[in-house]
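Q: fold the following.
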Amino acid sequence: MERSLSRLYNIRWANWMYLVAFAFIDGETDENWTWFMSQLNKALSPVSPLAICTDACKGLENAVQKIFPHADQRECFRHLMANFSKKFQGDVFGRMWPAARAYRPQVFNYHMNKILAEAPDVHEYLSRYHNLKWMRCMFDPSIKCDYINNNLAESFNGWIKDYKDLPPDELADTLRELVMKLHEKRRKIGMKLKGKIIPAIIQQIHNRTRGLKHLKVGKSGVASCEVRDTSKYNLRHVVKTDQSECTCLEWQHTGKPCEYALAFLLDRRNPRWEDYVHDYFSLEKFRATYAGEIEPLTDRSQWPHVQFPFDMEAPLDKKRGVGRPRKNRYKSFLEGGDGGPKKKKEPKQLGSKNRCKRCHILGHRQSTCPLNGPKPRKRKKRATRYPADDDASAPEPEVAAPQLEVVVTPNRDMITMPLSLQGSPNPVTRRMLATALADEATHAAPQLEVVVTPNRHMITMPPNLQGIPNPVTRRMLAMALADEAWQQPTPTVKDTTMAYDMASTSKARKLTLKRRKI
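A: Here you go, the predicted structure:
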């Protein structure tokens, strides 16, 4: 049996979802939607003002109009544009969003006139298929909700995606448990919060106070002024803080000060933002919303057995699609769903792209640049041709291959025994043979002059150190040799003169060369 989950949400405070009701139906038909709305009307006390935003389902729109005729019936603009883009494109498509977001009717009419001037069929299309309120300028300002779409419903679908394949009774009990825990969590949050207004709303106002230097304030009184926007067509709006009004109409629709009101309030010292926010965002309303508790339930085995006055039969069999029922919603072709043209996925770029040094375009290098032109064709080298011999038919003489010298490892029979080992009574080992051959090679080789480092006995002692009783050290010997070298006559040089500086007696004298002009 196919089933659909009908649900009703309420948007509270900082974009929080509040689940009002849900039900299981066998299909989205006019009868089922009428039954759901009638049950909802019984559960809710008369609420005024009330706004209900629906999608592009015709059965749901008819049921809301029938059961809640006094409600401010709105239409999700995202669903509207999903159908609108199938017929209209270009500048018409781009001006629909500014028209829907405009708070003032003058701005809405400006964009709609541009749209109708380019595509006159838009008026007939919207009045025939989308005649509900999808523009902000037509919303009731007392509701304090300026949402133009119902995207919050998709967050609920993602929240319960893992439980959609449960049986109806288990799914209903799971939803009840999830909502019960969520209300308890938010109830604790409300008890910990302090102040008059929810802190999230105050933080939103603080964030909007930045970047307002383009607004110039001209005060008229304590609670009224005119604010000129120097960056957007030189617009000018009138702000009255005592009435929480602005001619841009944003303050009236949202219940929070607009940027023109914030520019005026920032001139005051330490403004209290709580005094300029609607009570809808008060902490008292937040606590009252989650004050009620959802009753806990036992497991199924402890439920009471009830005798129905009628027989419960199995549900009627309906045609079911092949495969497992899907959990995710069907995406439109604007979101890359199956309804639109499939685009080829571009391969992921790993790293940075190369930039050509010739044309300075990303995606190729200089060697493969299209501006290089065709590459010259490489020619193969031709073999050198020699003139044919007269006696070409005569056979060429065979050339003998060179004889390679074969190196043979010497053995004991091939080695001539040294004289020192001939007639030895003991067997000759390899070590004895190698030692004897090395001795013969040493005697036969020429004697090389060995350079020996001079020591104390090989050095002629200077006269001033001969006969001293103390031992001669290296330092004393170096100083004595330096004195002898210093007492010798200095050679004459044309461009330079040699000058010697005497160091202190505690240090060795060092011969230095000084250059001076002659």
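Q: make it CA atoms for all contacts and neighbour counts henceforth
A: Noted.
Q: now the strands for the stretch 151-300 of the chain?
A: Counting by DSSP state E, counting those that start in this stretch, the stretch 151-300 of the chain has these strands, from start to end: 215-219, 224-229, 235-240, 245-246.
Q: give me whichever of those is most buried.
A: Each of the strands of the stretch 151-300 of the chain was assessed for mean neighbour count using mean count of other CA atoms under 10 Å. The highest is strand 245-246, with a mean of 22.
Q: list the helices and strands it packs on?
A: Packing partners of strand 245-246 (3 or more CA pairs under 8 Å, 6 or more residues apart in numbering; DSSP states H and E): strand 235-240, helix 250-254.
Q: check the gap between the residue of the chain positioned farthest from its centre and residue 417 for me.
A: In the chain, the greatest distance from the average C-alpha position (CA atoms, centre = their mean) is reached by residue 423, at 93.9 Å. The spacing between residue 423 and residue 417, counted by CA to CA, to the nearest Å, is 10 Å.
Q: same check, this time on residue 355
A: 80 Å.
Q: hang on, residue 229 packs against residue 215?
A: Yes. Because the distance of 4.8 Å satisfies CA atoms under 8 Å, residue 229 is recorded as touching residue 215.
Q: tell me the domain boundaries of the protein?
A: Using automatic domain parsing, the domain ranges for the chain come out as 4-159, 198-269, 471-518.
Q: would you list those in TSV and tack on distance to residue 166 and mean pLDDT?
A: Formatted as TSV, the domains of the chain follow (distance: least, CA to CA, whole Å; pLDDT from 0 to 100):
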stretch	distance to residue 166	mean pLDDT
domain 4-159	12	87
domain 198-269	36	93
domain 471-518	103	59
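Q: looking at the ones you listed, which is closest to residue 308?
A: Taking CA to CA as the measure, the domains of the chain were each checked against residue 308, and domain 4-159 came out nearest at 20.3 Å.
Q: how far away from the center of its chain is the closest one?
A: Its chain's C-alpha centre lies 34 Å from the corresponding centre of domain 4-159 when counted by CA atoms, centre = their mean, to the nearest Å.
Q: now the strands for this structure?
A: Assigned by DSSP state E, the strands in the chain fall at 4-12, 16-25, 51-54, 72-75, 215-219, 224-229, 235-240, 245-246.
Q: so which of those strands gets nearest residue 359?
A: Across the strands of the chain, the minimum distance to residue 359, taken as CA to CA, is reached by strand 224-229, at 44.4 Å.
Q: now the angle from the closest one to strand 235-240?
A: With axes from the mean of the first three to the mean of the last three CA atoms, to 10 degrees as the basis, strand 224-229 and strand 235-240 are set at 160 degrees to each other.
Q: got a list of contacts for strand 224-229?
A: When contacts are defined by CA atoms under 8 Å, 6 or more residues apart in numbering, strand 224-229 is touched by residues 214-220, 234-242, 260, 263-264.
Q: swap the cut-off to 6 Å and go again
A: Strand 224-229 has contacts (CA atoms under 6 Å, 6 or more residues apart in numbering) with 215-219, 235-240.
Q: between these, which is closest to residue 292?
A: Minimum distance to residue 292 across those is 37.9 Å, recorded for residue 240 (CA to CA).
Q: which residue packs closest to residue 242, ignoring adjacent ones?
A: residue 223 (5.8 Å; CA to CA, 6 or more residues apart in numbering).
Q: ok, now residue 285?
A: The spatial neighbour of residue 285 that comes closest, neighbours along the chain excluded (CA to CA, 6+ apart), is residue 279 at 7.6 Å.
Q: ok, back up a step: now render the contacts of strand 224-229 as TSV, adding distance to residue 123.
A: Formatted as TSV, the contacts of strand 224-229 follow (distance: CA to CA, whole Å):
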residue	distance to residue 123
215	36
216	39
217	39
218	41
219	42
235	29
236	31
237	30
238	33
239	34
240	36
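Q: related to what we said a few turns ago, now do the shared contacts for residue 423 and residue 417.
A: Contacts common to residue 423 and residue 417, judged by CA under 6 Å, 6+ apart, are absent.
Q: this structure: helices as residue ranges?
A: 30-43, 58-67, 77-84, 91-101, 105-118, 121-129, 152-159, 168-192, 199-208, 250-254, 259-265, 283-289, 430-444, 474-487 (DSSP state H).
Q: residue 305 is nearest to which of those?
A: Of all these, it is helix 168-192 that lies closest to residue 305, at 15.3 Å by CA to CA.
Q: next, the buried residues of the closest one.
A: Of all the residues in helix 168-192, those buried under the rule 16 or more other CA atoms under 10 Å are 171-172, 176, 183-184, 186-187, 190.
Q: distance check, residue 314 against residue 60.
A: As judged by CA to CA, residue 314 and residue 60 stand 27 Å apart.
Q: of those two, who's got more company?
A: Taking other CA atoms under 10 Å, residue 314 and residue 60 do not tie; residue 60 has more neighbours (21 against 7).
Q: now do the contacts for residue 132.
A: Taking CA under 6 Å, 6+ apart as the contact definition, residue 132 lies against 74-75.
Q: one more time with 8 Å, if that's ok
A: Taking CA under 8 Å, 6+ apart as the definition of contact, the neighbours of residue 132 are 73-75.
Q: just for the stretch 251-400 of the chain, where's the confidence low?
A: Under the criterion of pLDDT under 70, the regions of the stretch 251-400 of the chain flagged as low confidence span 315-321, 330-351, 383-400.
Q: residue 136: which of the strands of the stretch 151-300 of the chain is closest?
A: Nearest to residue 136, of all the strands of the stretch 151-300 of the chain, is strand 245-246, at 15.5 Å by CA to CA.
Q: and for the closest one, what's in contact with it?
A: For strand 245-246, the external contacting residues (CA under 8 Å, 6+ apart) are 237-240, 251-252, 258, 260-261.
Q: pretty sure residue 32 sits against residue 25.
A: Yes. Residue 32 lies in contact with residue 25 (CA under 8 Å); the separation is 6.6 Å.
Q: how far off centre is stretch 175-185?
A: Stretch 175-185 has its C-alpha centroid displaced from the chain centroid by 34 Å (CA atoms, centre = their mean).
Q: for it, give the mean pLDDT please.
A: For stretch 175-185, mean pLDDT is 93.
Q: right, and residue 244 touches residue 252 too?
A: Yes. With contact defined as CA under 8 Å, residue 244 counts as touching residue 252 (7.2 Å).
Q: so which of the two has more stuff around it?
A: Higher neighbour count among residue 244 and residue 252: residue 252, with 23 against 19, using other CA under 10 Å.
Q: check the gap between the more buried one and residue 136 for me.
A: 11 Å.
Q: on that earlier part again, relative to residue 314, how far out is the residue nearest to residue 285?
A: For residue 279 relative to residue 314 (CA to CA), the value is 50 Å.
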